[in-house]
Every structure is written in structure tokens, then in C-alpha cells.
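# take this sequence and fold it.
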Amino acid sequence: VTSIRAAILTSAQIGSYDTIKNNILINTFDIKEGFLLHLISAMSAGIITTTATNPVDVIKTRYMSDKTNKYTSPFHCIQVTFNEAGIRGFFKGWVPAYWRLGPHTLISLLLIEKNKKYFD
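Next comes the predicted model:
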């Protein structure tokens, strides 16, 4: 589960950042290369990353903290969560997750852009 989460997180961060930056902000809104472009792209990527990883975090937390053997497998945990709370059940704790992932994504991607200047 941890490896799946890592793959989702990384692909959501990098993929959404590049797509938002190049395909939406530069091509659609004609925002020029610079700090504002990177800031908006990174903040948006943080929202997308949190939304993509939160369901995995919810299932992992529920499954690993299950002391009553309510869940027989992670897949069973997904089924029970959906049956009890619907799709919204996978997004419990989204705001605290964003407060953790949002700044991490923002800082990481801004630093990557800053370092690109030195290696290009």
C-alpha cells in the first residue's frame, strides 16, 4: 500500500504540475515563466496530489489501525468504507492532509524550478 501511495503521490505531483504549468497557464492564460507561474502551478499540484493520495491514506490508516479485525484485507476495507460512507468516506481528513502535503509540494516544486536555472 505504501508503494502504491508513493507512486500516486509522485505522478500526481509532477504530472499535474507540468500539465497545469505548460498546458493551462502558459498556453491558455499566457502567463510568462517566473515565480507567479510556478507558485500557481505548485499550489494547484498540491490540491491535486492531496485529492489523489487521500483515499489511499484513509484505507491504509483504517486497515492498519483495525484492532477488531473488521477488515480482512485492504480491498475489503475499501468495500466497507464505500458501503458505510460512500465516496466521501475516502476523503475524510482531506484538510489536514492538504496542510501537510500542500506546503511540501509547493516548496519542493519551487526549489526544483529554482535549481533548473542552474543546470540548464
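
# Three-state assignment for Glu33, please.
coil (DSSP: H, G, I helix; E, B strand; the rest coil).

# my error: substitute Arg88 in the last question.
From three-state DSSP, the assignment for Arg88 is helix.

# any idea how far it is from Asn54?
11 Å (C-beta to C-beta, to the nearest Å). Backbone N, C-alpha and C define where each C-beta goes, glycine included.

# so these two - more neighbours on which side?
More crowded of Arg88 and Asn54, by other C-beta atoms under 10 Å: Asn54, with 21 against 10.

# do I have it right that that one meets Ile87?
No: the pair Asn54 / Ile87 is not scored as a contact, 11.4 Å apart, by C-beta atoms under 8 Å.

# the residue nearest to the spatial centre of the chain and Ser41, how far apart?
Among the residues of the chain, Thr49 comes closest to the average C-alpha position under C-alpha atoms, centre = their mean, at 1.5 Å. Distance of Thr49 to Ser41, given as C-beta to C-beta: 12 Å.

# do the same with Ala97
Going from Ala97 to Ser41 by C-beta to C-beta gives 20 Å.

# then Val56?
23 Å.

# neighbour count for these two, which is higher?
Higher neighbour count among Val56 and Ser41: Ser41, with 25 against 20, using other C-beta under 10 Å.

# contacts only, for the more buried one.
Ser41 sits next to Tyr17, Ile20, Lys21, Leu25, Leu109 when contact means C-beta atoms under 8 Å, 6 or more residues apart in numbering.
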